[in-house]
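A.B. asks: Output the structure for:
(chains A and B)
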There are 2 protein chains.
Amino acid sequence: MLFGDRLAAAVVAAGSPLCVGLDPHLERLPAPLRERFAGRTGASFRAEAGRAVAEFDALALRAVAGVAAAVKPQLAFYEALGSPGLAALEQSCALARELGLLVIADAKRGDIASTATAYARAIIHPDGPLAADAITLSPWMGMDSIEPFLGLCRDHGRGVFVLVRTTNPGSAFLQRHGQPEGATRVAAALAELGAELVGESGLSSVGAVVGAFAHQEARALREQMPAAWFLVPGVGAQGGGVAEALAGVRPDGLGCLVNSARGVLYPPDGLEDADPVRAIRERALALAASLLL
Amino acid sequence: MLFGDRLAAAVVAAGSPLCVGLDPHLERLPAPLRERFAGRTGASFRAEAGRAVAEFDALALRAVAGVAAAVKPQLAFYEALGSPGLAALEQSCALARELGLLVIADAKRGDIASTATAYARAIIHPDGPLAADAITLSPWMGMDSIEPFLGLCRDHGRGVFVLVRTTNPGSAFLQRHGQPEGATRVAAALAELGAELVGESGLSSVGAVVGAFAHQEARALREQMPAAWFLVPGVGAQGGGVAEALAGVRPDGLGCLVNSARGVLYPPDGLEDADPVRAIRERALALAASLLL
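C.D. replies: All right, here's what the predicted structure looks like:
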């Protein structure tokens, strides 16, 4: 089964295009977990913090299973804890799989062919340590840095989301540079790469990261990439609204997977969740409800 | 001491601008190390392969100490082995430091501010798990994805090498797109970012990845970025020649750090090194000699 179809099925089963970002900010974990690593330094800090992150992920995954279609671990937060952080991520990916959640590894990798092949093995190969369902990629080095991932899309139901248009302050610098704009050029190339990998749902294994602020741009990019899943980051804490997040949706109601991390995982600043599983589930349900078309 | 000066001192001390790439291709490790993981699968394979890689790195690092100015581990190859791979990389970075080799983590990261901060902690922060001296970065998301690394450049002697112009087949797609070309635009922004971080050597903590094939382009980029260290990948196995690699060198003979991985680490295809430490040292010495100006 191709990734485009797998994600369509997951969104339909969850009844929502919600993706929950796993961004383990240590200072925002529940207090009993924070105590485990408080005051420690160096390798002992990383070992305890890694275990605490794995426990937090486990409760977050149980909380959002059945509500979200997918989860998106941000690899940087795990890598910051070194090998214990990566061990935590391996556990979390395995648990997400067991709970029926698709895993999109937010890695934003982009490198030459032999290195790209190693990243594919590291992150999305079914026999690899993470075995995530999809990965985010950067197009700066060209389409030959994307192609090594497509074999796994073809043969193992894996997917890619390539950074097309983001909404951070400096994003226009290259993404809107040139005529046509850089993002437009990437979108055209992705539509071509993804054409062979369109499933029965009409959606492809080759997706795009398209930020929630880029309202009109999202519609233009949808015209260019009618079969692409858009991964839309930044709803909630990053300030994006739901209408903007769904600006690129297809007439069939599919095509946008909307991510929120901090807005689901953590209580408002300064507060503690009395029952984190319940609180995370409630925030996820509220956001999922707001995403109904 | 700023990174530009630290690297200048390392090149002068080694008598060569050689950087040795650590790309642990499992199938090319010495036979006694390959036997350790042969026939294993899954987690047991990764654990044994991780240990073998750490041992291979240790012998390679001892072989090139005093000959090379720096080493450049390619993170993908370690990540492909999961948490044991990252543990191996942590060991190798620590050993390189002990042996007086600068470590450039070839990670090609590029993400929004809070994530970039986590990557900085993961890879170059002195209290982090790797504590590398410098990192390679991708500029596709804009200069605000580079800036979070500059605090560590200012306060802890760290450096960055931003992907400006690479030489893989698809590299022109975005790097030469637009007027001025994307790479030119990035170079101008880096010259500005790096101006505050120029050390006594006249070289900055903000460097650039500039491929060895881009001969004339290297000279034009040097004019744009007179104070930048150029990290030049791909000499040797990737086909670049020494003259091309040094095309961007400054009148003072500094400014290009030339990387070779496979050409130093491994014997020609089909052969085995009888004494790997000695063979690696001889290949490194030969390449270092060819890089004398």
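A.B. asks: could you pull out the helices for the stretch 151-293 of chain A?
C.D. replies: Using DSSP state H, counting those that start in this stretch, the helices found in the stretch 151-293 of chain A span residues A:172-175, A:182-194, A:215-224, A:242-245, A:262-265, A:276-290.
A.B. asks: among the ones you listed, which is nearest chain B?
C.D. replies: Closest approach to chain B among the helices of the stretch 151-293 of chain A (CB to the nearest CB): helix A:172-175, 4.1 Å. Every C-beta, even on glycine, is put in place using the N, C-alpha and C of the backbone.
A.B. asks: Give the other helices and strands that the closest one contacts.
C.D. replies: helix A:182-194, helix B:182-194 (3 or more CB pairs under 8 Å, 6 or more residues apart in numbering or on different chains; DSSP states H and E).
A.B. asks: With mean pLDDT added, can I get the ones you listed in JSON lines?
C.D. replies: Output for these, formatted as JSON lines (pLDDT from 0 to 100):
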{"stretch": "helix A:182-194", "mean pLDDT": "98"}
{"stretch": "helix B:182-194", "mean pLDDT": "98"}
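A.B. asks: Redo those as JSON lines? Include mean neighbour count and distance to B:M1.
C.D. replies: Shown next, in JSON lines, are the helices and strands packed on helix A:172-175 (neighbours: other CB atoms under 10 Å in any protein chain shown; distance: least, CB to CB, whole Å):
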{"stretch": "helix A:182-194", "mean neighbour count": "22", "distance to B:M1": "37"}
{"stretch": "helix B:182-194", "mean neighbour count": "22", "distance to B:M1": "16"}
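A.B. asks: B:F173 is nearest to which of the ones you listed?
C.D. replies: With CB to CB, the closest approach to B:F173 among the helices and strands packed on helix A:172-175 belongs to helix A:182-194: 7.2 Å.
A.B. asks: That closest one: how far from the chain's middle?
C.D. replies: From the chain centre to the centre of helix A:182-194 is a distance of 20 Å (CA atoms, centre = their mean, to the nearest Å).
A.B. asks: So which residues make contact with that helix?
C.D. replies: Contacts of helix A:182-194 with the rest of the structure, by CB atoms under 8 Å, 6 or more residues apart in numbering or on different chains, involve A:139, A:143, A:146-147, A:150, A:162-165, A:174-176, A:178, A:180, A:204-208, A:217, A:220-221, A:224-228, B:173-174, B:177-178, B:182.
A.B. asks: and the angle for that helix with helix B:182-194?
C.D. replies: Here helix A:182-194 runs at an angle of 130 degrees relative to helix B:182-194 (axes from the mean of the first three to the mean of the last three CA atoms, to 10 degrees).
A.B. asks: For ChimeraX, write the select line for the buried members of the contacts of helix A:182-194.
C.D. replies: Buried residues among the contacts of helix A:182-194 (16 or more other CB atoms under 10 Å in any protein chain shown), as a ChimeraX selection:
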select /A:139,143,146,150,162,163,164,165,174,175,176,178,204,205,206,207,208,217,220,221,224,225,227,228 /B:173,174,177,178,182
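A.B. asks: if I look at A:F45, how far off is B:E79?
C.D. replies: To B:E79, A:F45 is 22 Å away according to CB to CB, to the nearest Å.
A.B. asks: now do A:R36
C.D. replies: Counting by CB to CB, the gap from A:R36 to B:E79 is 26 Å.
A.B. asks: Looking at these two, which one has more neighbours?
C.D. replies: B:E79 (26 against 15; other CB atoms under 10 Å in any protein chain shown).
A.B. asks: Please name the residues that touch that one.
C.D. replies: A:86, A:118-119, A:122-123, A:129, B:85-86.
A.B. asks: again, only using 10 Å
C.D. replies: Going by CB atoms under 10 Å, 6 or more residues apart in numbering or on different chains, B:E79 touches A:75, A:79, A:86, A:107, A:109, A:118-119, A:121-123, A:128-130, B:85-86, B:89, B:107.
A.B. asks: now do A:F3
C.D. replies: Counting by CB under 10 Å, 6+ apart, A:F3 touches A:102, A:104, A:124, A:133-134, A:152-154, A:156-161, A:197, A:199, A:203-207, A:229.
A.B. asks: and those residues, which are buried?
C.D. replies: Among these, the ones that count as buried by 16+ other CB under 10 Å are A:102, A:104, A:124, A:133-134, A:152-153, A:157-161, A:197, A:199, A:203-207, A:229.
A.B. asks: List the contacts of the nearest residue to A:E217 once chain neighbours are set aside.
C.D. replies: Excluding the flanking residues, the one nearest A:E217 by CB to CB, 6 or more residues apart in numbering or on different chains is A:R165, at 5.8 Å. With contact taken as CB under 10 Å, 6+ apart, A:R165 is in contact with A:171-172, A:175-176, A:181-184, A:186-187, A:208-211, A:213-214, A:217-218, A:220-221, A:230.
A.B. asks: do that again at 7 Å, thanks
C.D. replies: Taking CB atoms under 7 Å, 6 or more residues apart in numbering or on different chains, we find A:R165 in contact with A:175, A:183, A:210-211, A:214, A:217, A:221.
A.B. asks: Who does it form a beta bridge with?
C.D. replies: A:V210 (DSSP bridges).
A.B. asks: Can you give me the pLDDT of it?
C.D. replies: Here the pLDDT value assigned to A:R165 is 96.
A.B. asks: nearest to A:E55, of the helices of the stretch 151-293 of chain A?
C.D. replies: helix A:276-290 (10.3 Å).
A.B. asks: and the closest one, how far from the chain's centre?
C.D. replies: 18 Å.
A.B. asks: right, and A:L137 touches A:A105 too?
C.D. replies: No - the pair A:L137 / A:A105 is not scored as a contact, 10.2 Å apart, by CB atoms under 7 Å.
A.B. asks: element containing A:P73?
C.D. replies: In the assignment (DSSP states H and E), A:P73 maps to strand A:70-73.
A.B. asks: Enumerate the residues of the stretch 101-250 of chain A near chain B.
C.D. replies: A:108-112, A:115, A:118-119, A:121-122, A:128-129, A:138-145, A:163, A:166, A:168-171, A:173-174, A:177-178, A:182, A:185 (CB under 7 Å from any CB of the partner chain).
A.B. asks: switch the cut-off to 6 Å
C.D. replies: Of all the residues in the stretch 101-250 of chain A, those in contact range of chain B (CB under 6 Å from any CB of the partner chain) are A:108, A:110-112, A:115, A:118-119, A:121-122, A:129, A:138, A:140-144, A:166, A:168-171, A:173-174, A:177-178, A:182.
A.B. asks: In strands, which of those residues appear?
C.D. replies: A:K108 (DSSP state E).
A.B. asks: Just the buried residues out of the residues of the stretch 101-250 of chain A next to chain B, in PyMOL syntax.
C.D. replies: Selection of buried members from those for PyMOL, criterion 16+ other CB under 10 Å:
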select buried, chain A and resi 108+110+111+112+115+118+119+121+122+129+138+140+141+142+143+166+168+170+171+173+174+177+178+182
